[in-house]
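S.K.: 3D, please:
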Amino acid sequence: MNNKLLKLALISLVTNSLLFAGKKEPIKLNEITVSANKIDENIKDVPQSISVLDEYTIEEKGIRNIKDVISNIPNMSTKPFDGTYVNFRGLNSSTFTNNNPIVIYIDGIPQTDRYGFDASLANIERVEVLRGPQSTLYGKDAIGGVINIITKEPTNEWSGNLGLEYGSEEHIFSTFNLNGALIDDKLFLGINGQLLQDEGWITNNYQGKNEEDVNSQRDRKINTYLLYKPTDNLTTKFTISKDYFKTNWFDGKNYLDPMTATRDDAKNVSFDVPTYTKTDSFSQSLLLKYELDNLEFNSITTHKKTDTLSHIDQDFSDSLAYKDLIMFGDTTNKSLSQEFRLSGKTENNTKWIAGLFLEKEDIDKGPFGEQFPAMENTEANFMSDNTAKTGAIFGQVMIPFLEDFEVTVGGRYQRITKEINMNAFYKGLNSGQYYSNDFSNTYSSPTAFLTQEGKKTSNVFLPKFALSYKINPTWTTYTSISKGYMPGGFNYIAFSGTAHENSFEAQTSVNYEVGVKAEFDKAILAASIFYMDIKDIHVYKNVGNGMYVTSNAKKAHSQGFEIQGRYFLTDNLDISASLGIISAKYDDFDNGTTNYDNKRIEKTPSKTATLSLSYIHPNGFYGRIDSFYQGTTVYYDQSSNWSAQTDDYFTTNVKLGYRFSDFDTYIYAKNITDEEYISNIEQAHNVVFGDARQIGIGIKYTF
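M.R.: As a prediction, this is how the structure comes out:
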């Protein structure tokens, strides 16, 4: 523990962060353009916390997915298990809405669902991570923030790259990217993708089943677009994305006492049924942009369909009592959205934006439930049709005054209507199993023991206010107040009661923030303090019989500090770091058996930090060291009043490479000290471990 504290102290002394790209010369804040407010601005002029990772940084740090992006952001973390859960500033995923508090945007297509919560980084200009509620401009689910992915604009010349990595556990990662003009200055085509396979490190020893039944992964992301510019003012872009992800089990094991868990022990399990989750999504977007001198019109139409299939060993073991019994889930999510946006700038440099947003979402769940040995083997199956309709108008204006001040005022008024039609079935398997383990849909339809129909409509106004002040050419300070929102809804599982009794309320947050940004000759710096007032926070609650639902804790708060920056020791050597410290606690939460007032919010690390050192030699050799720290985290199981706190941990990645001609060759080691740590505990018994040491080689060709 002392060594870890020393490492944290070292990080804390270096008030720098990986905000921007790694070039050989210092980077100026006024050279960094972001679109956080859905218009292009210099990052120094935007009154909110923003972390930016550009193409160079993403490549040099070996960032391959959204999980890697999140690991570089203060007070943000992921919790892998049955999808990807995200925690940011004390805000957690909403389990039965499947929504994360962070929204991913790429080519106008939003992604909030914890299943398939990822995006291709094969054709990236930069990734902007907007920290704090973004509901005013980005909608109903951006209660914590937004990961805004900006893709490259094509040119007349054809260009691209091919990359391949091979590492531990037969880890194979490949990437490709091709962009160019079919008709110069008029018609452009691009295609890119990422492919991943990893055989995992856990072996299933049940009756000779091999390790493919445990924690191997397959991941495939393909994206293509067609961009047409019939005039200098008009741009149209049609994008298609096809993603597939399958993971067998997770990186851990089920324990009666999670605090006895070790990674070595988790290397062997015994499942009597295959355990996996598959996600398959297909999305399309159409962008129309028309530009005049000081006016721009955007229309973004998106459509997305996601199929998720889960098949999980019911007791995570080969127990005879639960032999061949499973938990299962089959979900199809379809969404269609339309956004119209008008933005402009006046002669006195006032910037404004106004828009209309419409969305319809259909979620079909079922079969969805579990089998258990009570009453001679029974099965609970919940089939539901769920719809959500959203309509919103939004606007924001940024007004400069008194030469060095700028005020930002914005708001979003939205109306959301949700409906559910749920039928619950309960039947003894011995009298005719009606759920097919091979998903062949050859099951009979018994009479439902419970039918629920419900509808709820919510209207909400989401304001934002910010004030920035340019103290001098070096320093800029700002203060902001913004409201975030995550909709309520209906639980997909219920054994009794009405739909209203089995619903939960919308979660809201009000974020107060004060920050500074600075640009020096060889350094850049950004820091902020925040306080977030959270109401009706979504929690995962056990209602007995092994069944869980989403419920609400009345009040909570989080407060903390974030700092990030970069310092150029020489033109070829730079150091960067970030530090996030947070206290997130419940203020009013009693689940009926336990009072959690003044207890820490689960899954929220007390601290997060990064420290990076990068060197580039003029002859092509380069190297970097990236270290990551995460503080203690608490976990609860409300069904048994169990609670625990996991230790803090510190990991380090190393990369050495050589560039020549159009090639980049490198070797890497992740978690080089083979630090053993717990990254998540789910339902009090499923312990997920962080990755062990991984060593690999890679090559990339750019043309």
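S.K.: all helices of the chain, in order?
M.R.: 2-13, 55-60, 66-70, 135-138 (DSSP state H).
S.K.: do you know how far Tyr492 is from Lys221?
M.R.: Distance of Tyr492 to Lys221, given as CB to CB, to the nearest Å: 28 Å. Every C-beta, even on glycine, is put in place using the N, C-alpha and C of the backbone.
S.K.: isn't Pro487 right next to Lys140, touching?
M.R.: Yes: between Pro487 and Lys140 there is a contact under CB atoms under 8 Å: 5.6 Å.
S.K.: joint contacts of the two?
M.R.: Shared contacts of Pro487 and Lys140, defined by CB atoms under 8 Å, 6 or more residues apart in numbering, are found at Ile416.
S.K.: Looking at these two, which is more packed in?
M.R.: Lys140 (26 against 23; other CB atoms under 10 Å).
S.K.: and the residue lying closest to Ile493 once chain neighbours are set aside, how many neighbours does it have?
M.R.: Closest residue to Ile493 apart from its sequence neighbours, by CB to CB, 6 or more residues apart in numbering: Phe382 at 5.3 Å. Neighbours of Phe382 under the rule other CB under 10 Å: 25.
S.K.: so Phe382 bridges to which residues?
M.R.: For Phe382, the beta-bridge partners are Ala424 (DSSP bridges).
S.K.: Enumerate every residue touching Ile39.
M.R.: Glu296, Ser343, Lys351, Ile353.
S.K.: dump the residue contacts of the closest residue in space to the last one that isn't next to it in sequence.
M.R.: In other words, Ile353. Counting by CB to CB, 6+ apart, Ile353 lies nearest to Ser343, which is 4.1 Å off, once chain neighbours are set aside. Residues counted as contacts of Ser343 (CB under 8 Å, 6+ apart) are Lys38, Ile39, Leu295, Glu296, Asn298, Lys351, Trp352, Ile353, Ala354.
S.K.: Next: Asn459.
M.R.: Tyr413, Gln414, Arg415.
S.K.: My read is that the first one contacts Ile393, right?
M.R.: Yes: with contact defined as CB under 8 Å, Tyr413 and Ile393 form a contacting pair (5.6 Å).
S.K.: Quick check: neighbours shared by the two?
M.R.: Going by CB under 8 Å, 6+ apart, no residue sits against Tyr413 while also sitting against Ile393.
S.K.: quick one, phi psi at Asp293?
M.R.: The phi and psi torsions at Asp293 (degrees, to the nearest 10) take the values phi -60, psi -50.
S.K.: Now do it: how many residues are near it, please.
M.R.: Asp293: 8 neighbours (other CB under 10 Å).
S.K.: quick one: it and Ile695, what's the gap?
M.R.: Distance from Asp293 to Ile695, by CB to CB: 55 Å.
S.K.: same check, this time on Thr95
M.R.: 36 Å.
S.K.: now His538
M.R.: On the measure of CB to CB, His538 and Ile695 end up 40 Å apart.
S.K.: Could you do Thr247 as well?
M.R.: 22 Å.
S.K.: The two - which one has more neighbours?
M.R.: For Thr247 and Ile695, the more surrounded residue by other CB under 10 Å is Thr247, and the numbers stand at 22 against 14.
S.K.: Am I right that that one is in contact with Tyr276?
M.R.: Yes: counting by CB under 8 Å, Tyr276 is a contact partner of Thr247 at 6.7 Å.
S.K.: how about the closest residue to Ile104 other than its chain neighbours, what does it touch?
M.R.: Closest residue to Ile104 apart from its sequence neighbours, by CB to CB, 6+ apart: Gln111 at 4.2 Å. Shown in contact with Gln111 (CB under 8 Å, 6+ apart): Val103, Ile104, Tyr105, Phe117, Asp118, Ala119.
S.K.: What sits closest to the fourth one if chain neighbours are left out?
M.R.: Nearest residue to Phe117 in three dimensions, chain neighbours excluded: Thr84, at 4.3 Å (CB to CB, 6+ apart).
S.K.: Give me the mean pLDDT for stretch 43-63.
M.R.: Across stretch 43-63, pLDDT averages out at 88.
S.K.: And it, what's buried?
M.R.: Residues of stretch 43-63 classed as buried by neighbour count (16 or more other CB atoms under 10 Å): 43-55, 57-63.
S.K.: ok, Ile529 to Val407 distance?
M.R.: Ile529 is 20 Å from Val407, by CB to CB.
S.K.: Pull out the buried residues from stretch 66-75.
M.R.: Buried residues in stretch 66-75 (16+ other CB under 10 Å): Ile66, Val69, Ile70, Ser71, Asn72, Ile73, Pro74, Asn75.
S.K.: Likewise for stretch 623-638?
M.R.: In stretch 623-638, counting by 16+ other CB under 10 Å, buried: 623-631, 633-638.
S.K.: Go through those residues and name the one with the lowest pLDDT.
M.R.: Gln638 (69).
S.K.: Please enumerate the strands of the stretch 451-600 of the chain.
M.R.: Here the stretch 451-600 of the chain has its strands, by DSSP state E, counting those that start in this stretch, at 475-486, 489-490, 503-504, 507-519, 523-544, 547-568, 573-588.
S.K.: For Thr236, which of the ones you listed is the nearest?
M.R.: Thr236 sits nearest to strand 475-486 of all the strands of the stretch 451-600 of the chain, at 31.9 Å, using CB to CB.
S.K.: Test my guess that Thr33 contacts Glu41.
M.R.: Yes: applying CB under 8 Å, one finds Thr33 in contact with Glu41, separated by 7.0 Å.
S.K.: Now do the same contact list for Leu462.
M.R.: Pro133, Ser135, Thr136, Gly411, Arg412, Tyr413, Gln414, Ser482, Lys483, Gly484, Tyr485.
S.K.: redo that, cut-off 6 Å
M.R.: Ser135, Thr136, Arg412, Lys483, Tyr485 (CB atoms under 6 Å, 6 or more residues apart in numbering).
S.K.: same check, this time on Trp352
M.R.: For Trp352, counting by CB under 6 Å, 6+ apart, the contacting residues are Gly344, Val397.
S.K.: Name the residues linked to it by a beta bridge.
M.R.: With DSSP bridges as the rule, Trp352 is bridged to Gly344, Val397.
S.K.: Let me know the pLDDT of it.
M.R.: For Trp352, the predicted pLDDT is 96.
S.K.: Could you do Phe689 as well?
M.R.: pLDDT, Phe689: 93.
S.K.: And it, how close does it get to Asp251?
M.R.: The gap separating Phe689 from Asp251 is 5 Å, by CB to CB.
S.K.: again, but for Asp185
M.R.: For Asp185 relative to Asp251 (CB to CB), the value is 49 Å.
S.K.: Settle it for me: which of the two has more neighbours?
M.R.: The neighbour comparison of Asp185 against Asp251 (other CB under 10 Å) goes to Asp251, with 23 against 10.
S.K.: Least confident secondary structure element in this protein?
M.R.: helix 2-13 (a mean of 42; mean pLDDT, DSSP states H and E).
S.K.: just to revisit the earlier point, from the contacts of Gln111, pick the one nearest Gln645.
M.R.: Taking CB to CB as the measure, Gln645 lies nearest Phe117 of the contacts of Gln111, at 26.0 Å.
S.K.: neighbours of the closest one, just the number please.
M.R.: 27.
S.K.: Distance of it relative to Asp251?
M.R.: 16 Å.
S.K.: Quick check: pLDDT value at the residue nearest to Gln314 when sequence neighbours are not counted.
M.R.: Leaving aside its chain neighbours, Gln314 sits nearest to Leu325 (4.1 Å; criterion: CB to CB, 6+ apart). Leu325 is assigned 85 on the pLDDT scale.
S.K.: Fine, thanks again, bye for now.
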